[in-house]
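> Quick check, what structure comes out for this input:
(chains A and B)
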Amino acid sequence: MTFDNQYVVQRIDKANALRAAGIDPYANHSQRNTTIQKFHNVNSDLFNLEDKRDEHRHYTIAGRIMLYRLMGKASFLKIEDESGMLQIYVARDNLPENFYNDVFKKLIEVGDIIEVSGYPFVTQQGELSLHVDTLKILTKAISPLPEKFHGIQDKELRYRQRYLDLIMNSQVRKTFQIRSQVISLTRRFFEDKGFLEVETPMMHPIAGGANAKPFVTHHNALGIDRFLRIAPELYLKRLIVGGFEAVFEINRNFRNEGMDATHNPEFTSIEFYWAFKTYKDLIILTKEYFEYLFDHLNLPKRLPHGDIEIDFDCFTEIELIESLTVIGGVPADVVNNKEKILDYLRAQKLEAKVTLNLGQLQGELFDEFVEAKLINPTFITHYPVEISPLARRNDARPELTDRFELFIAGREIANAFSELNDPLDQLERFEGQMAAKDSGDDEAHEMDEDFVTALSYGMAPTAGQGIGIDRLVMMLTNQHSIRDVLLFPAMKPLNPNQQGEEE
RNA sequence: GUCCCGUUAGCUCAGCCGGUAGAGCAUUUCACUUUUAAUGAAGGGGUCGAUGGUUCGAAUCCAUCACGGGACACCA
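Numbers count the residues shown, from 1 in each chain, chains lettered A, B, ... in the order given. I've put the predicted structure just below:
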C-alpha cells in the first residue's frame, strides 16, 4: 500500500518535523493520571465557586483531538478518551517559549492523540474545561479523520473501517459495550445457576446439530476435510452422557449460507443443557434470564424497536398449532389436514410444495402467517416432530415434541426442547434425515453414529436450549441489522483479485 | 439467486433533460487570548466505482461487471 494522498503526505511531513524538533511523534508511554469521566465527576463543584477555577488541582489527561478551534494566541480543543469528551484551553503564554507557535499550531491537529496537564476551570460559556500548562503528543495520526459534524455515514466504510466508526460515533461504542455486558451477564447468570462453561470443537468431522450448510476446511497433516461447526449441540449432549448435569457454551457457529440483515456467516450463540429438567423448566429459566439481563443492564422493560415497542414484561406462551388459528387466522379445519393446507396456501397465492408432510406444512403456515406478528416475547411450544429431528416426543401426543422457540419482534431468539435420549429413536430420525438428504435436501442432518453410540450409554432426561446472542443484542439496542451488533461483520473483498477466482 | 436504490474531493453531499465538476467541513496561508459545527480573507485539492458502447462531445444516456444498502427468495 502507499501513503500518497495529499493529506497523508502533509501529516507525514509534520511527523518528521516533530522528530526534527526532538519530539517523538509516537511516544512510548503516558503520564495520564485520570480519565475524562473522572475529571468531570471530581470537578463538578467548580460551578459553585466564586471564580469557577481551582489552580491547586492538577490533572494529566490523554485523548484524541476531535475538534480544534484556534483563535490566534489561544485555542479550544475537544479531546476524547474512552470515558468521554473534554474541552481543553491552550494559550500561548501558558506554554514553553515558542511551543505554541512552532509546535502546537503547526504540527498538532485533529486526530492526533495528545496528553495535557493543567488545572480545571469553567469557561465563560459554562463548560468545565482544562487550563493547559503542558502539552505533549502521544501519537501522530497520519490519516485525517472524517468530517467533524456528520462523522462517518457510509455504511460500507463504517463496517470495513469499524475503528473509524468507533472513533466518530460514541453511540456505536455504547452498542458494543452493551453487547459485551450481555455476554458477561449471560455467563454469570448460568454460572450462578450451577452451569459449567465448556469448550467443544469448532472443527467437526460431521457438521451436526442443525440444518445448515457448513464451511469446509482442511487438515493438512491428516489429509482430511473438517467442517466448521454449525452448532455445538451434539458435543454438549455427549457431555451430559458423561455425567455433567448442567453445561453451557458461548461461542461462534458458522453457516455457509446467504447474508442479510439477520444472518452473518459466523454468529454467536449460547447453548446450554440441563439434566433432569424439561423444556418447561427452560421456559421458567428463560424468563428469569431476561429479568436478570434487564435488571443488570438498567434497561426499561418496554423497549423501542424501530416503529414498534417490545414489552418485556409481557411473556406469553402458545402451542404452535393453536397459534396458527389464534394468531395466524388460519381456519381451524385447515391446520391438521395436509390437502387443506395446500389448498389454503394456494388460495393465498403462495407456493406450496406437494412433497412436504403435514408437520412441514404446519411449519410453513407458521412462518407465513404467525412469526412476523409475534412482537412481545412469545414462547411457541409443541412443534411437529417432522421439523424437530432432535427433540423428544410429547408423551400424550407423539406427533408433537416437547419443544419451544422464543420469538421477539417477529424474530426467532431461542430454540429449546426436552432432548431426545432414546438412542434407537435418534438413529431412526438420522436415517430419516439421510433419506431426505438423498432426495435432494442438502441441509438435512448428517448421520452421526458416534453420537448415537453416546446416547446408547444413557443420557439422563435433559432439556437444552440455544439463544442467538447477536439477535438478542439487536433487540436490546434497537438495531435492525446484525452488522450493527458485530464489530467486524463479514464483507466481500473490495478487490476481487485479492481472493482467488477459481473459475 | 431475483428486483429496486446507491457509488462524485479526506468526510458529508449537490450537479444528471449530454458541453469537459461544485458546496460545506477538513487541508494550506493570513488575522484573531474564553470558543461551542468559533469567525473573517485568500489558495490548493477529483481517473465523477470499473470496463465497454452511443455521440463531435459522457459524471450525466445505454450495456456489463464490482462493492454497498433495502426488499423478496433461501435459511432456523
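
> ok, and what's touching the helix or strand encompassing A:Glu339?
With the criterion set as DSSP states H and E, the secondary-structure element containing A:Glu339 is helix A:338-347. Helix A:338-347 is contacted by residues A:330-331, A:333-335, A:351-352, A:354, A:357-358, A:361-362, A:364-365, A:368 when judged by Cβ atoms under 8 Å, 6 or more residues apart in numbering. (Glycine included, C-beta is placed from N, CA and C.)

> filter those by proximity to RNA strand B?
The subset of the contacts of helix A:338-347 within reach of RNA strand B, counting by Cβ under 7 Å from any atom of the strand, consists of A:Glu351.

> Looking at the contacts of helix A:338-347, which are in strands?
Members of these lying in strands (criterion: DSSP state E): none.

> does any bit of the helix holding A:Glu339 sit next to RNA strand B?
No. Contact between helix A:338-347 and RNA strand B, assessed by Cβ under 7 Å from any atom of the strand, is absent, since the two come no nearer than 11.2 Å.

> Could you chop chain A up by domain?
A:6-145, A:168-315+A:376-494 (automatic domain parsing).

> would you turn the ones you listed into a markdown table with mean neighbour count, mean pLDDT and distance to RNA strand B?
A markdown table is the format used below for the domains of chain A (neighbours: other Cβ atoms under 10 Å; pLDDT from 0 to 100; distance: least, Cβ to the nearest atom of the strand, whole Å):
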| stretch | mean neighbour count | mean pLDDT | distance to RNA strand B |
| --- | --- | --- | --- |
| domain A:6-145 | 16 | 96 | 2 |
| domain A:168-315+A:376-494 | 17 | 93 | 2 |
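
> So which bits of the helix or strand harbouring A:Glu322 are buried?
A:Glu322 belongs to helix A:320-326 when elements are defined using DSSP H and E. Using 16 or more other Cβ atoms under 10 Å as the test for burial, helix A:320-326 gives A:320-321, A:323-325.

> Nearest to A:Met474 among those?
The shortest gap between A:Met474 and any of these belongs to A:Ser323, at 22.9 Å (Cβ to Cβ).

> Just the pLDDT for the closest one.
A:Ser323 carries a pLDDT value of 95.

> and whichever strand or helix holds A:Asp450, what does it pack onto?
In this structure, A:Asp450 sits in helix A:449-456 according to DSSP H and E. Under the contact criterion of 3 or more Cβ pairs under 8 Å, 6 or more residues apart in numbering; DSSP states H and E, helix A:449-456 touches helix A:233-241, helix A:423-438.

> Spit out the contact partners of the nearest residue to A:Gly432 once chain neighbours are set aside.
The shortest distance from A:Gly432 to any residue that is not its chain neighbour, by Cβ to Cβ, 6 or more residues apart in numbering, is 7.3 Å, and that residue is A:Pro389. If a contact means Cβ under 8 Å, 6+ apart, then A:Pro389 has A:429-430, A:432-433, A:445 as its contacts.

> if I've got this straight, A:Pro389 is in a helix?
No. The secondary structure assignment for A:Pro389 gives coil rather than a helix, going by DSSP: H, G, I helix; E, B strand; the rest coil.

> ok, A:Lys287 touching A:Asp313?
No. Look at A:Lys287 against A:Asp313 with Cβ atoms under 8 Å: they stay out of range, at 10.3 Å.

> hmm, which two among the contacts of helix A:338-347 are most spread apart?
Between all members of these, the farthest pair (by Cβ to Cβ) comes out as A:Asp333 and A:Glu351, at 22.3 Å.

> Looking at those two, which one has more neighbours?
Neighbour count, other Cβ atoms under 10 Å: between A:Asp333 and A:Glu351, A:Asp333 has more, with 10 against 7.

> The more buried one: what's it in contact with?
Shown in contact with A:Asp333 (Cβ under 8 Å, 6+ apart): A:Lys340.

> Could you do A:Phe276 as well?
Contact partners of A:Phe276, counting by Cβ under 8 Å, 6+ apart, are A:245, A:460-462.

> redo that, cut-off 10 Å
Contact criterion Cβ atoms under 10 Å, 6 or more residues apart in numbering gives A:240, A:245-246, A:460-463 as the residues in contact with A:Phe276.

> And for A:Gly464?
A:Gly464 sits in contact with A:233, A:236-237, A:240, A:247-248, A:271-275, A:277, A:279, A:282, A:390-391, A:415-419, where contact means Cβ under 10 Å, 6+ apart.

> burial measure for A:Phe369, as a count.
Neighbour tally, A:Phe369, other Cβ under 10 Å: 20.

> Was I right to think it contacts A:Leu324?
Yes. A:Phe369 sits in contact with A:Leu324 when judged by Cβ atoms under 10 Å, with a separation of 6.8 Å.

> list residues touching both of these two?
Common neighbours of A:Phe369 and A:Leu324 (criterion: Cβ under 10 Å, 6+ apart): A:Val330.

> where along the stretch 401-503 of chain A do the strands fall?
In the stretch 401-503 of chain A, strands defined by DSSP state E, counting those that start in this stretch lie at A:403-408, A:411-418, A:462-468, listed in chain order.

> out of the ones you listed, nearest to A:Lys136?
Using Cβ to Cβ as the measure, strand A:462-468 is the one of the strands of the stretch 401-503 of chain A that comes nearest A:Lys136, at 46.3 Å.

> Next, the angle from that closest one to helix A:233-241.
When axes from the mean of the first three to the mean of the last three Cα atoms, to 10 degrees is applied, the directions of strand A:462-468 and helix A:233-241 differ by 150 degrees.

> Quick check: A:Arg32 touching A:Glu115?
Yes. A:Arg32 is within contact range of A:Glu115, at 6.3 Å (criterion: Cβ under 10 Å).

> joint contacts of the two?
When Cβ under 10 Å, 6+ apart defines a contact, the residues bordering A:Arg32 and A:Glu115 alike are A:60-63, A:138.

> would CSV of these with distance to A:Glu266 and secondary structure be doable?
As requested, the shared contacts of A:Arg32 and A:Glu115 are arranged in CSV below (distance: Cβ to Cβ, whole Å; DSSP: H, G, I helix; E, B strand; the rest coil):
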residue, distance to A:Glu266, secondary structure
A:Thr60, 41, strand
A:Ile61, 38, strand
A:Ala62, 34, strand
A:Gly63, 33, strand
A:Leu138, 35, strand
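
> which among these gets closest to A:Thr2?
Comparing these against A:Thr2 with Cβ to Cβ picks out A:Leu138 as the nearest, at 25.8 Å.
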